[in-house]
Structures are given as structure tokens and as C-alpha cells.
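Q: What follows is a predicted structure for the sequence shown.
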Amino acid sequence: MATHAHTVPVSTESPSTSPTQLPVFKGDISPAVQDEICKFSRFVTERGAFARSTGSSLVLTEVVVFPREKDGKAQARITYETTVHDDMLNIGGNMHGGCAIYMIDICSSIALAVLGMSTRKPWNFVSQAINTTFHAPVALGTKIEVVNTTLSFGSRTVSAITEIWDVTNGRLCVSGVHNKMTPSAPKPKL
């Protein structure tokens, strides 16, 4: 184990998740839906070969479903935590922008699925656009929180905002808005 300039312990290995750690659930989420959310989160973050070490290092810590103050519409907020490891870095030694966008993509998609599951609405959407702003670099060994909040949930388009926070140094590092849409029906082949 090495030490970062801010005296953060640094490991060159991908952190492992704690499968026994359950997130804190708040709001009107039935036990059956809570179980479905946990299974879906594990499925999305641990499947496939692309960015597996990043996805599997994300630990779901909080799931909240709440009425938005301005209009009373149901919204969802989910939070993941991880520590930046070697597989997440660019050549400058900071978290790669593509890694940040990958986390925005999967974590905001899960937040939208949580809202769909909780309100019993369809939640099978495909990405349309992810607009991202990079505010500050994130160094190796930094503990981060990925906070995802739904913005809108229509029948054809949905959106969520993600903020990636440097917990170690108390600053916002990346933000992104993810817009998704209902997939087109497959066209029959003649």
C-alpha cells in the first residue's frame, strides 16, 4: 500500500464489494421491491467484461423514493460509494473521464429503474444523451460518492442527474445529466 500526497491510503488493486452490506432504504419501497432493486443493481454493476472492475467496486449505500417538493411527483435518489483504483485512471494519474461517464450511465440508469420499480411503471429505456461537466480531478485512492437523482419520468423520455463527489476532500468533481428514451420496436424482417 502506497500513500497519496493528501495522506490517503492507496491500493493498486480493485476494491472488492461487500455483498452483505445492504443499502439504507427510505420512502415507500416494499420489501419485495427492495430485493428487486438490490438484485438489479448487482446485475448491472457486475455483468459483462467492460469496466467490470469499476462496476463491481460500486457499493450501493442508499435508496430513497420521495415526493418532489415543487410538484409532489415521485422521484428517486440512489447513492453508490467506491475508492478510485488503478483501473479507473487516465495517463495523468486521475480518474479517466470515460470512467466517470460509465458510472454516470449505469448509476443514473439504476436510479431511473428504481423509480419505475417503486411506482410500477415501465423502466426499460435506452440512452439518448449524457451531458457531462468535469469540475475537479479525482486522484488515485480518493473515496467518491456517486449521487443520482431522477429529474423527469415520462412515458417516452426520462432523465436523471448524477454528481460524483470527492468525499476525501469534500468537493464536487463531475456532474452529468442522462436522458433516456423508450426503445423503438424492432421492425419485422421480410
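A: Cool, the structure landed. Keep in mind that what you see is a predicted model, and the values were worked out from it rather than measured. Numbering: from 1, shown residues only.
Q: quick one, strands of the protein?
A: 2-3, 9-10, 24-26, 59-67, 74-83, 126-134, 143-153, 157-166, 171-181 (DSSP state E).
Q: and the ones you listed as TSV, adding distance to Ser118 and mean neighbour count?
A: In this view, the C-beta of every residue, glycine as well, is placed from N, C-alpha and C. Shown next, in TSV, are the strands of the chain (distance: least, C-beta to C-beta, whole Å; neighbours: other C-beta atoms under 10 Å):
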stretch	distance to Ser118	mean neighbour count
strand 2-3	42	10
strand 9-10	37	14
strand 24-26	10	13
strand 59-67	5	18
strand 74-83	7	22
strand 126-134	21	13
strand 143-153	10	20
strand 157-166	13	22
strand 171-181	17	19
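Q: For the longest helix seen in the chain, buried residues please.
A: Longest helix in the chain by number of residues, with DSSP state H as the criterion: helix 97-119. For helix 97-119, burial by neighbour count (16 or more other C-beta atoms under 10 Å) applies to 99-118.
Q: Look up how far Glu36 lies from Lys187.
A: 31 Å (C-beta to C-beta, to the nearest Å).
Q: what about the nearest residue to Thr157 once chain neighbours are set aside, distance to Arg77?
A: Nearest-residue entry for Thr157: Met181, 5.0 Å, with adjacent residues in sequence omitted and distances by C-beta to C-beta, 6 or more residues apart in numbering. From Met181 across to Arg77, the span is 22 Å (C-beta to C-beta).
Q: what residue is smack in the middle of the protein?
A: Taking C-alpha atoms, centre = their mean, the centroid of the chain lies closest to Cys107, which sits 1.9 Å from it.
Q: close enough to count as contact, it and Ala76?
A: No: counting by C-beta atoms under 8 Å, Ala76 is not a contact partner of Cys107; they are 11.6 Å apart.
Q: quick one, what contacts the nearest residue to Phe134 once chain neighbours are set aside?
A: Closest residue to Phe134 apart from its sequence neighbours, by C-beta to C-beta, 6+ apart: Val174 at 5.5 Å. Counting by C-beta atoms under 8 Å, 6 or more residues apart in numbering, Val174 touches 100, 104, 132-135, 138, 162-164.
Q: what's the closest of those to Thr150?
A: Nearest to Thr150 among these, counting by C-beta to C-beta, is Thr162 at 10.6 Å.
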